[in-house]
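[1] turn this into a structure:
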Amino acid sequence: MRLNETPVRTSNNFNINNIELDIDIPSNLKMFETVEIINENCSISKDVTDTSLIYGTGLKVQNSNNNLKIVTEGKNANVKLVYNFDANNLNLVNNIEILAENDLNLVIQYSSNTNSRCFHNGIIKLKANANVNIAIVNMLNELSDNFESIESIIENNAKVNYTIIDIGAKNSISNYYANALGKKCENNVKTIYLGTQNQLKDINYIVDINGQESKVDIDVQGALKGESKKHFKGTIDFKKGCKKAKGNENEFCILLSDKAKSLALPMLLCTEDDVEGNHSTASGKVDNKDLFYIMSRGISYKDAIKLLVKAKFNQIIQTIKDEQLKQEILEQIDRRLD
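    Just a heads-up that it's a prediction; the model follows:
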């Protein structure tokens, strides 16, 4: 299957326009039962308005086996969704619809309590008229397949912050699309990824800026070990009429192995004159001076690498307010770097 295509194609020689995968898609899905929901000041039901499963990744599944609609009902709404995969719940196709008229903090966590292959294909659809903070944490086991599609519509003066922690699954394919529609709206996407062994990370972020004086910032930090691969595709599109808008994207990858492969394609598209756009991408090995300094304090090479990677990730991890989840993320990074 050809998945996660860029909005504008570049030379095929770069091997980054899309990803091709041969995977088994489960059929005859039964209901996914192991979902933990913590809710404060929201209405949560299974009555999603939009049941169409049109995925940004391009992976199509006929039916979902878990639907949730989240509607804010008061100030300081807080929701946490924990999807625990186990031997009886290996396959999840979920549809999450979010209507945020009031401020919302949302955490979505995917974890494996099994050594078997898990399959996740999810879509998140957000309409924001307030300040929204969403953290998505993928900690599936190394045999699993993870597909995440995110769509956001951001209205006047709304601010939407995404923190995406992508450290799990053998194949992790993520697609983020936002329409910065409203005047003076803001969209920040902060991501960390970690690839080990033969993991694949394919990341495709697309933001259309339509609103005047809007701001978009994409910051992606990653590390690759073993024979892992990463493709990052980031596109900010300044649409006609978005005067005084600003867009910035940055991606950096630490290469921990000579066999790891990092590809990146940052793009700025523009049909408006009065805007400001910046992009950058880079990859490199750990700084030997930093490594020597840490090891001179009696710390082993392996632990020094862990410290340097976590230091790079820390600023983004700290945006998550859940202290227990932050600790779990750090422990997972330690384990996967061993």
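
[2] list the buried residues in stretch 156-166.
    Neighbour counts using 16 or more other C-beta atoms under 10 Å place 157-166 of stretch 156-166 among the buried residues. C-betas here are computed from N, CA, C, even on glycine.

[3] from the residues you listed, pick the one nearest residue 273.
    Ranking the buried residues of stretch 156-166 by separation from residue 273, with C-beta to C-beta as the measure, puts residue 157 on top at 24.0 Å.

[4] coming back round to it: pipe the buried residues of stretch 156-166 into CSV and attach distance to residue 8, pLDDT and secondary structure per row.
    Compiled in CSV, these are given as follows (distance: C-beta to C-beta, whole Å; pLDDT from 0 to 100; DSSP: H, G, I helix; E, B strand; the rest coil):
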residue, distance to residue 8, pLDDT, secondary structure
157, 30, 98, coil
158, 27, 98, coil
159, 28, 98, strand
160, 24, 98, strand
161, 26, 98, strand
162, 23, 98, strand
163, 27, 98, strand
164, 23, 98, strand
165, 28, 98, strand
166, 24, 98, strand
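
[5] now render those as JSON lines, adding distance to residue 292.
    Formatted as JSON lines, these follow (distance: C-beta to C-beta, whole Å):
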{"residue": "157", "distance to residue 292": "49"}
{"residue": "158", "distance to residue 292": "47"}
{"residue": "159", "distance to residue 292": "42"}
{"residue": "160", "distance to residue 292": "42"}
{"residue": "161", "distance to residue 292": "37"}
{"residue": "162", "distance to residue 292": "36"}
{"residue": "163", "distance to residue 292": "32"}
{"residue": "164", "distance to residue 292": "33"}
{"residue": "165", "distance to residue 292": "30"}
{"residue": "166", "distance to residue 292": "30"}
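
[6] need the max-distance pair from the residues you listed.
    When the buried residues of stretch 156-166 are compared pair by pair using C-beta to C-beta, the farthest-apart members prove to be 157 and 166, with a separation of 29.6 Å.

[7] which stretch of helix or strand covers residue 330?
    Counting by DSSP states H and E, the secondary-structure element that holds residue 330 is helix 323-337.

[8] the strands in the stretch 101-250 of the chain, which residues?
    Taking DSSP state E, counting those that start in this stretch to define them, one finds strands in the stretch 101-250 of the chain at 104-112, 119-128, 131-139, 145-154, 159-166, 171-180, 186-195, 200-209, 215-224, 229-238, 246-255.

[9] quick one, the shortest one and strand 200-209 angle?
    With axes from the mean of the first three to the mean of the last three C-alpha atoms, to 10 degrees as the criterion, the two stretches strand 159-166 and strand 200-209 enclose an angle of 170 degrees.

[10] partners of strand 159-166, with directions?
    Strand 159-166 has its sheet partners listed here by DSSP bridges as strand 131-139 (parallel), strand 186-195 (parallel).

[11] now stretch 84-92: how far from the chain's centre is it?
    21 Å (C-alpha atoms, centre = their mean, to the nearest Å).

[12] between the two ends of that stretch, what distance do you get?
    Between the opening and closing residues of stretch 84-92 we find a distance of 10 Å, counting by C-alpha to C-alpha, to the nearest Å.

[13] my guess is residue 87 meets residue 118, correct?
    No. The pair residue 87 and residue 118 does not pass the contact test of C-beta atoms under 8 Å, sitting 10.2 Å apart.

[14] ok, those two, which is more surrounded?
    A count of neighbours by other C-beta atoms under 10 Å puts residue 118 above the other of residue 87 and residue 118, at 27 against 9.

[15] and the more buried one, what is it in contact with?
    85, 90-92, 112, 140-141, 143-145, 169 (C-beta atoms under 8 Å, 6 or more residues apart in numbering).

[16] out of the buried residues of stretch 156-166, which comes closest to residue 224?
    Compare each of the buried residues of stretch 156-166 with residue 224 using C-beta to C-beta and the shortest gap goes to residue 166, at 12.2 Å.

[17] please name the nearest non-neighbouring residue to the closest one.
    residue 193 (4.3 Å; C-beta to C-beta, 6 or more residues apart in numbering).
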